[in-house]
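J.: what follows is a predicted protein model with its sequence.
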Amino acid sequence: MNYIVLDLEWNQASDKYIKDYGLPFEILEIGAVKLNRKMKVIGDFDEIIKPQIYHTIHYITTKIINLDKEELENGRPFPEVMQEFLEWCGRDYVFCIWGTLDLTELQRNMVYYGMDELSKGPLMYFDIQKFFSMTYEDGKIRRALEWAVDYLHIEKDIPFHRAHSDAYYTAKVFKIIDAFKPEIEKYVSYDVFMVPQNKRQEIHANFKTYSKYISREFPDKNTAIEDKAVSSTKCYLCGRNAKKMIKWFSVNGKNYFSLAYCRKHGYLKGKVRMKKADDGNVYVIKTLKLVGEDVAEEIREKQDKLRLQRMEKRHMKKEKAE
Ligand SMILES: [Zn+2]
């Protein structure tokens, strides 16, 4: 298996144009570095895409683009470059990205041009930005690529913010992390541009320190939270059904929490995030994590607070009615 370290540059349309074209980000450059299992560079990809939709770069740009108009006009259409890119990727590879956005936008552009999907259901990848945080920081804070390059004293021999150069630096960061902590590769990420359409496409991932479940689509939140697979709180270490101490409840209608207890491993905190699919349906991302008494207490307090608020509301309604 090879690693495809990928970076994209894109132009962001203003709201008016998103409505017209249904494509918020038009990809303008694809850059990638191919590494083999031993982290040796075995190939480069560097192509500019001629804009088809948004011809001027004066809209908001999330990624700072260092591309001039002439370069862009000399580029080739997205489907042509993308096809070539996929052939270059080969058969057995995993995408490695700095952050979480690129694969979603890549797939959205592919759909826009009617190309075949990259995967059925969520697409597994390595988020190198997350790996960096897990290796050198708290696992949550997200740094800019240049910050990580400085931190690791990597020589800055080419300018940043072009697709290939950012892929080049991401590959260098990844190489250092992987040499230092090869087990990091267990912590895969999933891009959910393609939401699971059936049980077979759902993701059940066990990371030893927590488990993650990405569900298929449901018509609404209530149907989702009542589903057996969604509401289940199986301990990810022993596979036993942990006893529910606090059933799933939601404070804001978006995130749901629960508390369960495994006789062998202790408290299990459940969190469900409700996500909206492009077609208006919902799907969930559930994480289960073994926690201590302190976190268990936090969940109890959260639920107590919610109960109290509801009681007060009912009380106020009653007073009003009287
Ligand atoms: Zn257990």
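T.: Nice, I can see it. Numbering: from 1, shown residues only.

J.: would you mark the buried spots in stretch 118-127?
T.: 118, 121, 122, 123, 125, 126, 127 (16 or more other C-beta atoms under 10 Å). C-beta here means a position set from N, CA and C on the backbone, and glycine is covered the same way.

J.: so how many other residues sit close to residue 282?
T.: When counting by other C-beta atoms under 10 Å, one arrives at 19 neighbours for residue 282.

J.: so what's it up against?
T.: Going by C-beta atoms under 8 Å, 6 or more residues apart in numbering, residue 282 touches 217, 218, 219, 220, 221, 224, 274, 275, 276.

J.: and if you look at residue 146?
T.: Listed by C-beta under 8 Å, 6+ apart, the contact partners of residue 146 are 156, 160, 169.

J.: could you rerun that using 6 Å?
T.: residue 160 (C-beta atoms under 6 Å, 6 or more residues apart in numbering).

J.: again, but for residue 250
T.: So residue 250 contacts residue 256 (C-beta under 6 Å, 6+ apart).

J.: per-residue confidence at it?
T.: Reported pLDDT at residue 250 in the predicted model: 94.

J.: ok, residue 94 next?
T.: Residue 94 is assigned a predicted lDDT (pLDDT) of 98.

J.: ditto for residue 8
T.: pLDDT, residue 8: 95.

J.: now do the one 3 residues further on
T.: What the model reports for residue 11 is a pLDDT of 84.

J.: residue 107: neighbour count?
T.: Residue 107 - counted by other C-beta under 10 Å - has 18 other residues nearby.

J.: and it, how far from residue 31?
T.: According to C-beta to C-beta, to the nearest Å, residue 107 stands 17 Å off from residue 31.

J.: same check, this time on residue 283
T.: Distance of residue 283 to residue 31, computed by C-beta to C-beta: 31 Å.

J.: separation between the closest residue to residue 232 other than its chain neighbours and residue 318?
T.: Excluding the flanking residues, the one nearest residue 232 by C-beta to C-beta, 6 or more residues apart in numbering is residue 241, at 7.2 Å. To residue 318, residue 241 is 40 Å away according to C-beta to C-beta.

J.: who has more neighbours out of these two?
T.: Neighbours were counted for residue 241 and for residue 318 using other C-beta under 10 Å; residue 241 has more, 12 against 9.

J.: what residues are bridge-paired with that one?
T.: residue 234 (DSSP bridges).

J.: per-residue confidence at it?
T.: Listed pLDDT for residue 241 reads 93.

J.: can you offset everything so residue one is 441?
T.: Sure, I'll start numbering at 441, so the last one becomes residue 681.

J.: spell out which parts of the stretch 541-690 of the chain neighbour the ion.
T.: Neighbours of the ion within the stretch 541-690 of the chain, by C-beta under 5 Å from the ion: 675, 677, 678.

J.: can you tell me which of the contacts of residue 722 lies nearest to residue 629?
T.: Closest approach between the contacts of residue 722 and residue 629, by C-beta to C-beta: residue 715, at 14.8 Å.

J.: I'd like the buried residues of stretch 558-567 laid out as JSON lines, including pLDDT.
T.: Rendered in JSON lines, the data for the buried residues of stretch 558-567 read as follows (pLDDT from 0 to 100):
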{"residue": "558", "pLDDT": "93"}
{"residue": "561", "pLDDT": "94"}
{"residue": "562", "pLDDT": "97"}
{"residue": "563", "pLDDT": "97"}
{"residue": "565", "pLDDT": "98"}
{"residue": "566", "pLDDT": "98"}
{"residue": "567", "pLDDT": "98"}
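
J.: just flag the most distant two among the contacts of residue 722.
T.: By the measure C-beta to C-beta, 659 and 715 form the most distant pair in those, at 13.9 Å.

J.: neighbour-wise, which of those two wins?
T.: residue 715 (17 against 10).

J.: look up how far the ion lies from residue 540.
T.: 30 Å (C-beta to the ion, to the nearest Å).

J.: now that residue: how far from residue 625?
T.: 17 Å.

J.: tell me which residue in the stretch 491-640 of the chain sits closest to the ion.
T.: Relative to the ion, the nearest point of the stretch 491-640 of the chain is residue 626 (19.3 Å; C-beta to the ion).

J.: what's near enough to touch that residue?
T.: If you count contacts by C-beta under 6 Å, 6+ apart, residue 626 has none.

J.: residue 711: how many residues sit nearby?
T.: The criterion is other C-beta under 10 Å. On that basis, residue 711 has 17 neighbouring residues.

J.: CA atoms only: put stretch 727-738 into CSV for me.
T.: C-alpha atoms of stretch 727-738 as CSV (Å, rounded to 0.1, in the frame of the first residue of the first chain):
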residue,chain,number,x,y,z
THR,A,727,-18.5,7.8,20.0
LEU,A,728,-18.2,5.6,23.1
LYS,A,729,-15.4,6.2,25.6
LEU,A,730,-14.5,4.7,28.9
VAL,A,731,-14.3,7.5,31.5
GLY,A,732,-13.8,7.9,35.2
GLU,A,733,-16.2,8.9,38.0
ASP,A,734,-15.6,12.6,37.4
VAL,A,735,-16.8,12.5,33.8
ALA,A,736,-19.7,10.3,34.8
GLU,A,737,-20.7,12.9,37.4
GLU,A,738,-20.5,15.6,34.7
